[in-house]
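> Show me how the following folds:
(one chain, ligands or ions: 1)
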Amino acid sequence: MSAAKPTGFLQVDVDGLWAVRACYGKPENDTFRCDPCWEEGLPRLDATFNRSGVPAAFFIVGRDLEVPAKRLIARGMVERGVELGNHSYTHRIGLSLRPYGEILEELRGADEALRSVGARPVGFRAPGYDVDARVLRAVRQLRYRYDASVLPTYLSPLLRLADAWLSRGWNPAKRQFGRVAYGRAPRRPYFPLPWKVRKEAKSLQRGSILELPVGTTPRLHLPLTAASLFPLGRSRLRQLFQQLAERGRPTLLLLHAIDGVDCSQPIVFDGRRPTMGGFAMAGRDKEQRLRRIVEEFARAFDVVRADEYASAAFSQRTAAPRLSA
Ligand SMILES: [Zn+2]
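Next comes the predicted model:
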């Protein structure tokens, strides 16, 4: 049944409300301990995936596992066999601007926190898609199987401008959405770094890692996230995913914990409610939109576990693109 479908990956960045607020320069207040992203968003997403019978990986920020209630949720997911990935320890945006030792600490801290709840993470995604050769070196040093931080789009300057508009200020240290050059990166899983693709693509080297780039829309190369998918009705979603599936590439759809959180009351932009990305959307509404996104994605793609896909890519010792289709 699924033989003809290309591979799909569903992933969630579990950015706590404190981390989302920090992204937009808002104070944390009590959102670290009382965190609807964990209490409401994560379970809603988890239930949506279960309902469609598709696996998904949840990328955890290590610091969140300092909270006993969050540890309990994470441990429960591990016990159910859900893949947990590493999303850094403090979710600091602009990882690539830091010294190597700090990058490694961010990754190692989250790795240890995840292991302390029984997880065996093999995948990493940088906060704000801010990845470079040094970040990947740290991922490799942890002996992970894959990185999923590259956003292959030329739109990163525009996305940063939109973000600055939302934050009401430009912060040069808030490096995110990758580099313009990543627009040239492959739009399917690949082994080497984008800037070394020609040199290394032909052979898999020991100690290397697989890159699972974040999916983008066909023409505009907008990221396949809630911001671009929430506005679409079912037929438009079906059309979009079919269009992507026809290309035969493994495709990664990325959601965030806040995509499952009721935002009918402003919780990020106090008193000011941008509609982008569901920042002013009620929980019920989000639930319906999430359901049709996941259902239509699963209709077009054979959704598999990224950890298993990466392991298979290594054991087959072949270039990742050949695994597709
Ligand atoms: Zn994040």
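
> neighbours around the residue of the stretch 201-325 of the chain found nearest the ion, how many?
At 6.8 Å from the ion, residue 256 is the closest residue in the stretch 201-325 of the chain, using C-beta to the ion. (Glycine included, C-beta is placed from N, CA and C.) By the criterion of other C-beta atoms under 10 Å, residue 256 has 23 neighbours.

> now residue 137
14.

> Quick check: it vs residue 104, distance?
Per C-beta to C-beta, to the nearest Å, residue 137 is found 9 Å from residue 104.

> repeat for residue 44
From residue 44 to residue 104 the distance is 34 Å (C-beta to C-beta).

> one step back: just to check, the residue of the stretch 201-325 of the chain closest to the ion is in contact with residue 13?
Yes. Here residue 256 reaches residue 13: they are 5.0 Å apart, a contact under C-beta atoms under 8 Å.

> wait, what's in contact with residue 70?
35, 38, 64 (C-beta atoms under 8 Å, 6 or more residues apart in numbering).

> And the strands in the stretch 51-200 of the chain?
Taking DSSP state E, counting those that start in this stretch as the test, the strands found in the stretch 51-200 of the chain are 57-60, 83-86, 123-124, 146-147.

> What about contact with the ion: does the third one have any residue there?
Spelled out, it's strand 123-124. No. Judged by C-beta under 5 Å from the ion, strand 123-124 stays clear of the ion, getting no closer than 11.6 Å.

> Run through who's touching that strand.
Contacts of strand 123-124 with the rest of the structure, by C-beta under 8 Å, 6+ apart, involve 57, 59, 83, 85-87, 107, 139, 142, 144-149, 212, 306-307, 310.

> please redo it, this time with the cut-off set to 7 Å
57, 85-86, 107, 139, 144-149, 306-307 (C-beta atoms under 7 Å, 6 or more residues apart in numbering).

> cool, the first one as well?
Where contact means C-beta under 7 Å, 6+ apart, the residues beyond strand 57-60 that reach it are 11-14, 74, 77, 82-87, 110, 114, 123, 125, 306-307.

> Among those, name the ones in helices.
Judged by DSSP state H, helices contain the following of those: 74, 77, 110, 114, 306, 307.

> Give me the residue ranges of the stretch 151-300 of the chain where confidence is low.
The stretch 151-300 of the chain contains residues with pLDDT under 70 at 168, 173, 192-207, 270-278.

> can you give me the helices for it?
156-167, 197-200, 226-229, 234-246, 283-300 (DSSP state H, counting those that start in this stretch).

> Write out the residues of the chain neighbouring the ion.
Near the ion, when you scan the chain using C-beta under 5 Å from the ion, you find 13, 15, 127.

> could the residues you listed be laid out in JSON lines, adding distance to residue 165 and neighbour count?
As requested, the residues of the chain next to the ion are arranged in JSON lines below (distance: C-beta to C-beta, whole Å; neighbours: other C-beta atoms under 10 Å):
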{"residue": "13", "distance to residue 165": "21", "neighbour count": "25"}
{"residue": "15", "distance to residue 165": "20", "neighbour count": "25"}
{"residue": "127", "distance to residue 165": "20", "neighbour count": "24"}
